[in-house]
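>>> have a look at this fold, sequence not included:
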């Protein structure tokens, strides 16, 4: 038998960064995000021989080991090996050889939550294989625990919950690892118009998100007022965005994005750079009313709100920067697992 899973990537609409420790523990965080039709996929296949094969098709990387309980966590496949180790430690040894293979529909470091979503998908495949009794909050918290605490990878909490729950969610983050996921009931025509008007643009700029996130956390620890105040404003942005999408005040979204963009770049150095600011202004001059840097920043994807027919002008204008727009749809479902 073959055991599969897939979990959706997300776009952050507002409040990103307030889900990162220690801000969320000290002040409480609020984020609005939506899952899209790009996925992290994971498959587990039992093998006749006593081997552990770890393969990431999107990275063209494969590693093979004897059947052991703990794999060395290093290299490009550390997420796959880290989840394997956690599962074995918490739920007992894998008694037969297996092949764990993955594929992600967007590049690592793109700002769409790829790493966390991949961890959720791998846990999902193991849950299907071992019949683990995990609920949605369990999946998300376990993924966070593995990635942030065991593997020591810097980042926030929203991605694990978005990938697990799916849909459009207003999320609240508190101390003691308390997270509340509030699914939003948005009218279909509002959601379709939002999907039509949001342009997802890949800058093709590589970046190391962990360095930016570590700087952001350091600014909070050192009580840098400008950085903390920017996060307070981003938390307010999430509330404004929630009201706009629920009430159908879509013309306000560009301004809310623009407000958030100005605040986000104050959180830490490296979130934006001269090229990204040039791209941002070019999009606005072509008809976008606002936009945002996806994820931690420094590169990856940017999102622009383009009302009416302006999206096509923006796409044309941004071609000169060498990036590419990515088509997508919103998806309502989160993690899915199945057996064949």
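Arrived safely. Note that the structure is predicted; figures quoted are calculated from it, not measured. Numbering: from 1, shown residues only.
>>> wait, residue 276 sits on residue 300?
No: at 9.7 Å, residue 276 does not count as touching residue 300 under the criterion of Cβ atoms under 8 Å. In short, each C-beta sits where N, CA and C put it, glycine included.
>>> for this structure, what helix or strand is lowest in average pLDDT?
Lowest on mean pLDDT, DSSP states H and E among the helices and strands of the chain sits helix 209-221, with a mean of 87.
>>> buried sites along that helix?
209, 212-217, 219-220 (16 or more other Cβ atoms under 10 Å).
>>> ok, and what's touching it?
17, 20-23, 26, 109, 111, 153-156, 227-228, 231, 267-271, 295-298, 300 (Cβ atoms under 8 Å, 6 or more residues apart in numbering).
>>> show me this protein divided up by domain.
Domains of the chain are assigned by automatic domain parsing as 3-185+331-339, 188-325.
>>> surely residue 147 and residue 117 touch.
No: Residue 147 lies out of contact with residue 117 (Cβ under 8 Å); the separation is 10.4 Å.
>>> any shared contact partners between the two?
In contact with both residue 147 and residue 117: residue 160, using Cβ under 8 Å, 6+ apart.
>>> so those two - more neighbours on which side?
Neighbour tally, residue 147 and residue 117, criterion other Cβ atoms under 10 Å: the higher count belongs to residue 117, 30 against 25.
>>> check which helix or strand the more buried one maps to.
helix 114-130 (DSSP states H and E).
>>> so which bits of that helix are buried?
Buried, per 16+ other Cβ under 10 Å, within helix 114-130: 114-129.
>>> please enumerate the helices of this protein.
23-27, 78-91, 114-130, 136-144, 158-165, 188-197, 209-221, 225-247, 253-264, 274-285, 310-318 (DSSP state H).
>>> out of these, which gets nearest to residue 340?
helix 114-130 (10.4 Å; Cβ to Cβ).
>>> quick one: which of the buried residues of helix 114-130 is nearest residue 173?
For the buried residues of helix 114-130, the closest approach to residue 173 (Cβ to Cβ) belongs to residue 116, at 14.1 Å.
>>> thought that closest one was touching residue 145?
No: Residue 116 is beyond contact range of residue 145, at 11.6 Å (criterion: Cβ under 8 Å).
>>> any chance of the buried residues of helix 209-221 in CSV, with distance to residue 74 too?
As requested, the buried residues of helix 209-221 are exported to CSV (distance: Cβ to Cβ, whole Å):
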residue, distance to residue 74
209, 19
212, 23
213, 21
214, 20
215, 25
216, 26
217, 24
219, 30
220, 30
